[in-house]
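Q: okay, sequence plus prediction incoming.
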Amino acid sequence: MLIGALLVLTWLVLLLRYPVKALPVSLAALLGLAVLASWVIWQEQREEHRLARLELRLHYDPRRCPGDRPLSVELKNGSDAALSELRWRVAAYAPGDSVNLAENLYDSPRYRGPGELLPNDAWQDCLPLPPLRPGYRASTLEFRAERLQGRFTD
């Protein structure tokens, strides 16, 4: 932090003392930073758009899934790129309610996708339930994936 402040202070002194020489260099550096920032923003928007095209459905299905992993997961990659990594948190809601009933503790299960999932492919699996607040049964709740974080390959 101190080094950054010293660099900015030195740059301001040079710009004020030698404006003819420092101004073109400063403008070139500013243009480079603007190009870099616009590229990063474009990449972030592209990733968000691709994540929005994923269809991730969660539902409690003890008949199809084993007892220790009763949460059925169905994922369809509707984007134009292969999904290489996906992580999310599971939230549980009572029908018509907006309070998350899943407790996100340190030792809660970590939810990850299948790894490589090509465009328009689907993946199904059974995962463990998150810890729920006392007094609620999984069969009466709606499960949703939140805080999706993913990486795509071009």
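A: Great, that's in hand. Numbering: from 1, shown residues only.

Q: hey, C-alpha coordinates of stretch 64-82 in PDB?
A: Coordinates of each C-alpha in stretch 64-82 appear next as PDB, following Å, rounded to 0.1, in the frame of the first residue of the first chain:
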ATOM      1  CA  ARG A  64     -34.500 -42.300  -6.800                       C
ATOM      2  CA  CYS A  65     -31.500 -41.300  -4.700                       C
ATOM      3  CA  PRO A  66     -29.700 -43.100  -1.900                       C
ATOM      4  CA  GLY A  67     -30.500 -42.300   1.700                       C
ATOM      5  CA  ASP A  68     -27.300 -40.400   2.400                       C
ATOM      6  CA  ARG A  69     -27.700 -38.300  -0.800                       C
ATOM      7  CA  PRO A  70     -31.400 -37.600  -1.300                       C
ATOM      8  CA  LEU A  71     -31.000 -34.300  -3.300                       C
ATOM      9  CA  SER A  72     -31.500 -34.900  -7.000                       C
ATOM     10  CA  VAL A  73     -29.600 -32.500  -9.200                       C
ATOM     11  CA  GLU A  74     -30.200 -32.000 -12.900                       C
ATOM     12  CA  LEU A  75     -27.900 -29.700 -14.900                       C
ATOM     13  CA  LYS A  76     -28.200 -28.700 -18.500                       C
ATOM     14  CA  ASN A  77     -25.500 -26.600 -20.200                       C
ATOM     15  CA  GLY A  78     -27.500 -24.300 -22.500                       C
ATOM     16  CA  SER A  79     -24.500 -22.100 -23.200                       C
ATOM     17  CA  ASP A  80     -22.300 -22.100 -26.300                       C
ATOM     18  CA  ALA A  81     -19.100 -23.200 -24.400                       C
ATOM     19  CA  ALA A  82     -18.100 -26.300 -22.500                       C
END
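
Q: could you give the mean pLDDT of it?
A: The pLDDT scores in stretch 64-82 average 92.

Q: can you pull the buried residues of it?
A: 65, 70-73, 75-77, 79, 81 (16 or more other C-beta atoms under 10 Å). (Each C-beta comes from the backbone N, C-alpha and C, glycine too.)

Q: biggest separation within those residues, which pair?
A: Pro70 and Ala81 (31.6 Å; C-beta to C-beta).

Q: may I see the buried residues of the longest helix that the chain contains?
A: Scanning the chain for the helix with the most residues, using DSSP state H, yields helix 19-52. Using 16+ other C-beta under 10 Å as the test for burial, helix 19-52 gives 22, 47, 50-51.
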